[in-house]
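> no sequence on this one, just coordinates:
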């Protein structure tokens, strides 16, 4: 299976905004991944 990757740049001073927008998403994503056999991801 091919791997697809991207990089992202966080603008200075935007760390709190990034964290606020992503903290609520991850528990739901984690739950979906747990029950899916088709998703494989690697965070580097």
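Yep, it's here. Quick caveat, the model's predicted, so the values are computed rather than measured.
> Now do the same contact list for the residue most central in space within the chain.
In the chain, the residue lying closest to the centroid (CA atoms, centre = their mean) is residue 26, at 6.9 Å. Residue 26 is in contact with no residue at all, counting by CB atoms under 8 Å, 6 or more residues apart in numbering. For glycine as for every other residue, the C-beta is placed from the backbone atoms N, C-alpha and C.
> From residue 6, how far off is it?
Distance of residue 26 to residue 6, given as CB to CB, to the nearest Å: 18 Å.
> quick one: average pLDDT of stretch 8-21?
Taken as a whole, stretch 8-21 has a mean pLDDT of 90.
> Determine how far the last residue of that stretch lies from the first.
15 Å (CA to CA, to the nearest Å).
> Would you pull up how far that stretch lies from the middle of the chain?
Averaging C-alpha positions (CA atoms, centre = their mean, to the nearest Å) puts stretch 8-21 13 Å from its chain's average.
> where does the residue nearest to residue 18 when sequence neighbours are not counted land in three-state SS?
When the adjacent residues along the chain are set aside, residue 18 lies closest to residue 10, with 5.8 Å between them (CB to CB, 6 or more residues apart in numbering). Three-state call for residue 10 (DSSP: H, G, I helix; E, B strand; the rest coil): coil.
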